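S.K.: Quick one: sequence plus predicted model below, questions after.
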Amino acid sequence: MSPHSKTAPSAAPAAAAKPVAPVIAQVISSGGKAHASPAIRRFARELGVEVAQVKGNGVKGRVTKDDVQNFIKAALAQPRGAGGNGLQVLASPVIDFAKFGAIETKPLSRIKKISGANLHRNWVTIPHVTQFDEADITDMEAFRKELGAEYAAQNIKITPLAFMLKAAVTALQKFPEFNASLDASGENLVLKQYFHIGVAVDTPDGLMVPVIRDVDKKGIVQLAKELGEVSAKARDKKITAADMQGGCFTISSLGGIGGTAFTPIINAPEVAILGVSRSSMKPVWKDGAFVPRLMLPLSLSYDHRVIDGALGARFAVYLSQVLADIRHLAL
Ligand code: CAO
C-alpha cells in the first residue's frame, strides 16, 4: 500500500491488554492480518502477544495455541546479555512497607491499569525527545477573553485549549510527518489526511483521551463547546472506546493546574504529543526594551524514529508563531 493511501481509523491506543513482563514486551508490535480464532486471539492477548506477529502453522495458515506458545518460547530464548537487544532490568524489589510505618493498600482503578500498561509500552518502545518552546499568547488571550464574554450567556467556556487544537492542526498541515503513524513493518509512514486530535482529560479514576474529530473543519467556538462536552462525558464515565479511537495527535494541557514544563508520553500509534503548561507574564525583549508579554510554555514530545530533531524544533517554532499571531488560523 502506498504510504499516502487512506486507511481506516487506527485502533484504540487504550485496548485492554494485560501488563506483560519486560522480556516479552519487546516482541510486541502492531501487525498486519493473521488468521486465528477468537479464543486464540484472546489467549495471545492475555500473554501480551500480537497475533499478527505469529506465523500460523494450522490449517490454511491459521495461528494455533502451539504457535503462540512457540513464539513466546523463541522470544524468551533470545540472548539478552551485553550486546543482546533485550531490555534487561532488575525485578522490582518486593518491600514490606508496613515495616516502616502505617500503610493502606488501594487497588488501582481499571482505567489506571489499562492506561498504565499502554503508557509503559509507549515509554519503553518509542525513543522520545521533548522539545520545549514558549508562545507569546498576549493577543490570543485578549481575543479569547472577548469571545468568552460573548459566549458566556450560551454557557460555552472558551478556554485556551480550543485555540491550541486549532493551532496544532495548522502545524500538522504544514508538517505532515507529525500527522502520521508507522505501519506494522516499521518501514513506512502512514500519512493521514484527516485531523482528529486526542485531548488528555484528568478524571477521578485516571487519565482518558477522548478524540475530537475533524478539528480542521471546526471553528474555535464549536471546538470549545465539544471540549466542554467531552470532558464532562469523561468525568461522568460516559466515554466509550469508540470516542477514544482514531486520534492523529494528542494535546495534554496542565495549564489549568500549573507548572512550567513536562515531558508527555506519546500516545502510540501517534508520533507526537503536545504538552501545555500554565501561561505567565514575562518580560520579553522587544525593539530595544523589555515589554510584559503573556508566555505559554509548550513541551512537544516526538518519536525520533520518525521525526528528526530539526523538524521537531521547526514544528514547535511554527506552532509558537501561529499562537502568537492567530490570523494564521484563518489561512
Ligand atoms: N495557562 C493559563 N491558564 C490556563 C491554561 C494555560 N495554559 N489553560 C487553561 N487555563 C485556565 C482556563 O482558562 C480556566 O480559567 P478560568 O476558570 O479562570 O476561566 C482554568 O485554567 C481551568 O481550565 P480547564 O482545565 O477547565 O479547561 P481546559 O480547556 O484548559 O482543559 C481539560 C480541559 C479537560 C484538558 C482539563 O480539565 C484537564 O483534564 N487537564 C488535565 C490533563 C492531564 O491530566 N494531562 C496529563 C496527561 S499525562 O499524565
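M.R.: Okay, I see it. Numbers count the residues shown, from 1 in each chain.

S.K.: Tell me which residue in the stretch 201-331 of the chain sits closest to the ligand.
M.R.: Gly255 (2.1 Å; C-beta to the nearest ligand atom). C-beta coordinates here come from the backbone N, C-alpha and C atoms, glycine included.

S.K.: Would you map the helices across this structure?
M.R.: 22-25, 38-46, 65-77, 110-125, 138-151, 160-174, 220-235, 309-324 (DSSP state H).

S.K.: For stretch 301-309, buried residues please.
M.R.: Within stretch 301-309, the residues scored as buried using 16 or more other C-beta atoms under 10 Å are 301-303, 306-307.

S.K.: ok so, going back, ok, the residue of the stretch 201-331 of the chain closest to the ligand touching Val276?
M.R.: Yes: the pair formed by Gly255 and Val276 meets the contact definition of C-beta atoms under 8 Å, at 5.0 Å.

S.K.: More neighbours: which of the two?
M.R.: Neighbours were counted for Gly255 and for Val276 using other C-beta atoms under 10 Å; Val276 has more, 26 against 18.

S.K.: need the contact list for Phe195.
M.R.: 169, 172-173, 179, 214-216, 248 (C-beta atoms under 8 Å, 6 or more residues apart in numbering).

S.K.: now swap in Ile158 and tell me
M.R.: Residues in contact with Ile158 (C-beta under 8 Å, 6+ apart) are 144, 147-148, 151, 220-221, 224.

S.K.: Up against the ligand, what does the protein have?
M.R.: Listed as neighbours of the ligand in the chain under the rule C-beta under 6 Å from any ligand atom: 159-161, 199-202, 207, 227, 231, 252-256, 264, 276, 278-279, 296.

S.K.: Filter those residues down to the buried ones and express that as a ChimeraX selection.
M.R.: Burial among the residues of the chain next to the ligand is assessed by 16+ other C-beta under 10 Å; the matching ChimeraX selection reads:
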select :159,160,161,199,200,201,202,207,227,231,252,253,254,255,264,276,279,296
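
S.K.: ok, and the closest non-adjacent residue to Asp133?
M.R.: Spatially, and ignoring its direct neighbours in sequence, Asp133 is nearest to Ala316 (4.1 Å; C-beta to C-beta, 6 or more residues apart in numbering).

S.K.: The one you found: how many residues sit nearby?
M.R.: The local packing count at Ala316 equals 22, with neighbours defined by other C-beta under 10 Å.

S.K.: intersection of neighbour lists for Gly255 and Val276?
M.R.: Residues touching both Gly255 and Val276 (C-beta under 8 Å, 6+ apart): 160-161, 296.

S.K.: Now tabulate those in CSV and tack on pLDDT.
M.R.: Output for those, formatted as CSV (pLDDT from 0 to 100):
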residue, pLDDT
Pro160, 96
Leu161, 97
Leu296, 98
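
S.K.: Kindly provide the distance from the closest residue to Pro269 other than its chain neighbours to the ligand.
M.R.: Closest residue to Pro269 apart from its sequence neighbours, by C-beta to C-beta, 6+ apart: Ser181 at 4.0 Å. Using C-beta to the nearest ligand atom, to the nearest Å, Ser181 is found at 20 Å from the ligand.
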